[in-house]
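[1] okay, structure incoming, though there's no sequence with it:
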């Protein structure tokens, strides 16, 4: 059974940093592509960042480019989202997902976690 578990969310002030983690069991991250999505209250879930198999490529939403970094630690079977220079508009629940043929479509991913909340105050 595949499980993805996110952690690292919290409440911070604008300009602060957070690092989110997503640990997988029952699945080897390095064999698949993964992504981070987020969903703010009253809004649709949106793409944040993508990493290809064996970290072959990365892609970011324009809104986070230059501030967020997605990475993978194969030894720990974990993907990360380093978030710097956080803004109030980054406030959302953040979800990791794995195994998809489409990079930016949430419901194309076969596996996903339950999410971790990030709240950024002005």
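    Thanks, I have the structure now. Note that the structure is a prediction, hence the values are computed from the model and not measured. Residues are numbered from 1 along each chain as shown.
[2] next one: the nearest residue to residue 33 once chain neighbours are set aside from residue 19, what distance?
    Nearest non-adjacent residue to residue 33, counting by C-beta to C-beta, 6 or more residues apart in numbering: residue 52, 5.0 Å away. Yep, even glycine has a C-beta here, placed from its N, CA and C like the rest. Going from residue 52 to residue 19 by C-beta to C-beta, to the nearest Å gives 20 Å.
[3] just the pLDDT for the nearest residue to residue 3 once chain neighbours are set aside.
    Distances taken as C-beta to C-beta, 6+ apart place residue 25 nearest to residue 3, at 4.8 Å, with adjacent residues excluded. You'll see residue 25 listed with a pLDDT of 93.
[4] again, but for the one 4 residues further on
    pLDDT, residue 29: 86.
[5] and it, how many residues sit next to it?
    25 (other C-beta atoms under 10 Å).
[6] next up, phi/psi of it, please.
    Backbone geometry at residue 29, expressed as degrees, to the nearest 10, gives phi -60, psi -40.
[7] that one touches residue 97, doesn't it?
    No - judged on C-beta atoms under 8 Å, residue 29 makes no contact with residue 97 at a distance of 11.3 Å.
[8] overlap in contacts of these two?
    Here residue 29 and residue 97 share no contacting residue, scored by C-beta atoms under 8 Å, 6 or more residues apart in numbering.
[9] one step back: was I right about the residue nearest to residue 33 contacting residue 79?
    No - taking contacts as C-beta under 8 Å, residue 52 lies outside contact range of residue 79: 11.6 Å.
[10] could you list the low-pLDDT ranges of the chain?
    Along the chain, no part satisfies pLDDT under 70.
[11] can you pull up the most central residue in this structure?
    Centroid-nearest residue in the chain, with C-alpha atoms, centre = their mean: residue 36, separated by 2.5 Å.
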